[in-house]
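> Structure here, sequence nowhere to be found:
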């Protein structure tokens, strides 16, 4: 075998091994989601069986019918929970992005006293888990009378997401050369116009990345929502999962069906902004 043939053979083996490795990795990553989807259609006996039943013997959409018809265990008000999650997640993401853009731009472009200390302090807040804040927030919210309200949960999620969005957006604005904004100002643009017409579009992928991460954090958050909500008026979808638990039983099939409903909007949003998300993440990984 000559050198060229040996090189082609080695390249083919490496390519096949690479594809097999990717397939196995994706199988491991996707397995929990696939298992949840299958469990939402299979009977409880199969869900609880040991050893597990890998191939379902029977499939039924009764859990979805019961959930959307209001006839599920406890009469799950899925539409109300979905509406609450959407309002809270979208509003908190929009506010966090607005603050994150302002803060990220300020840290990337301006010099001011204690800049590094303030930035470090913001980042240190990310080390505190949300569950550790649930009890103090509960007492504060009780005094303010905003327990079980959209406003209370939105403010909590804004505070949770702002440090991360500032950090991420700051990195992307640092990738945008200052010379571009200065050239726009020389051509007659104001500082505000230079930001919106030059810097903002170039940092758009990073802002989209920060937005989707902030949205998913708010959409999936459970610890704070379970402590700060009490009724159908403000409960979100993750908290709604508890409605499938009773004193001695758990409706696993209904719970999996609700989990699937939670996953679908996140998948749709990720698919819509996929192009910006990928370009934003890869751009942020390159140092200027």
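Ah, there it is. Quantities reported herein were computed from a predicted structural model and do not represent experimental measurements.

> just checking, what packs against the helix or strand where residue 66 lies?
Per DSSP states H and E: residue 66 is located in helix 62-69. On a contact count with 3 or more C-beta pairs under 8 Å, 6 or more residues apart in numbering; DSSP states H and E, helix 62-69 meets helix 78-109, helix 252-272. Where C-beta positions appear, they are placed from N, C-alpha and C, glycine not excepted.

> Would you mind pulling the contact partners of the last one?
In other words, helix 252-272. Contact with helix 252-272 is made by 33, 36-37, 39-44, 47-48, 62-64, 66-67, 72-73, 76, 78, 82, 85-86, 212, 215-216, 219-220, 237-238, 240-241, 244-245, 277, as judged by C-beta atoms under 8 Å, 6 or more residues apart in numbering.

> Just the buried residues from these, in ChimeraX please.
The ChimeraX command for the buried members of these (criterion: 16 or more other C-beta atoms under 10 Å) is given here:
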select :36,39,40,41,42,43,47,63,64,66,67,72,73,76,78,82,85,212,215,216,219,220,237,238,240,241,244,277
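
> Mark out where each domain of this structure begins and ends.
3-62, 68-284 (automatic domain parsing).

> Now the most centrally placed residue in the chain: closest residue in space that isn't a chain neighbour?
For the chain, residue 216 is the residue whose C-alpha lies nearest the centre (C-alpha atoms, centre = their mean; 1.8 Å). Nearest non-adjacent residue to residue 216, counting by C-beta to C-beta, 6 or more residues apart in numbering: residue 266, 5.9 Å away.

> hmm, back to that, can you give me the pLDDT of the residue nearest to the centre of the chain?
pLDDT for residue 216: 89.

> One more: the one 4 residues further on?
At residue 220 the predicted local distance difference test score is 90.

> now it: how far from residue 62?
26 Å (C-beta to C-beta, to the nearest Å).

> Relative to residue 227, tell me which of the helices and strands packed on helix 62-69 wins on proximity.
Closest of the helices and strands packed on helix 62-69 to residue 227 is helix 78-109, at 14.4 Å (criterion: C-beta to C-beta).

> Determine the set of other helices and strands touching that closest one.
helix 62-69, helix 115-124, helix 150-175, helix 204-220, helix 237-240, helix 252-272.

> What average pLDDT does the shortest one get?
The average of the pLDDT scores along helix 237-240 is 89.

> Residues touching it, excluding its own?
76-78, 81-82, 84-85, 219-222, 225-226, 229, 258, 261-262.

> Can you name the element that comes right after the lengthiest helix in the chain?
If you go by DSSP state H, the chain has its longest helix at helix 3-39. Reading on from helix 3-39 to the C-terminus, the next helix or strand found by DSSP H and E is helix 44-48.

> so what secondary structure elements neighbour that following helix?
Judged by 3+ C-beta pairs under 8 Å, 6+ apart, the packing partners of helix 44-48 are helix 252-272.

> The helix it packs on versus helix 62-69: what angle between them?
80 degrees (axes from the mean of the first three to the mean of the last three C-alpha atoms, to 10 degrees).

> List the buried residues in helix 252-272.
The neighbour-count check on helix 252-272 (16+ other C-beta under 10 Å) flags 252-262, 265, 269 as buried.

> Let's test this: mean pLDDT of it, rounded?
85.

> Nearest residue to residue 193 in space, please, no chain neighbours.
Per C-beta to C-beta, 6+ apart, closest to residue 193 is residue 184, 7.1 Å.

> just for the stretch 51-200 of the chain, where's the confidence low?
70-75 (pLDDT under 70).

> did I read that right, residue 148 in a strand?
No - residue state for residue 148 (DSSP: H, G, I helix; E, B strand; the rest coil) corresponds to coil; a strand is not indicated.

> if I pick residue 91, what's in contact with it?
150, 154.

> quick one: it from residue 181, how far?
Taking C-beta to C-beta, one finds residue 91 at 30 Å from residue 181.

> Please apply the same query to residue 163.
For residue 163, the distance to residue 181 - C-beta to C-beta - is 25 Å.
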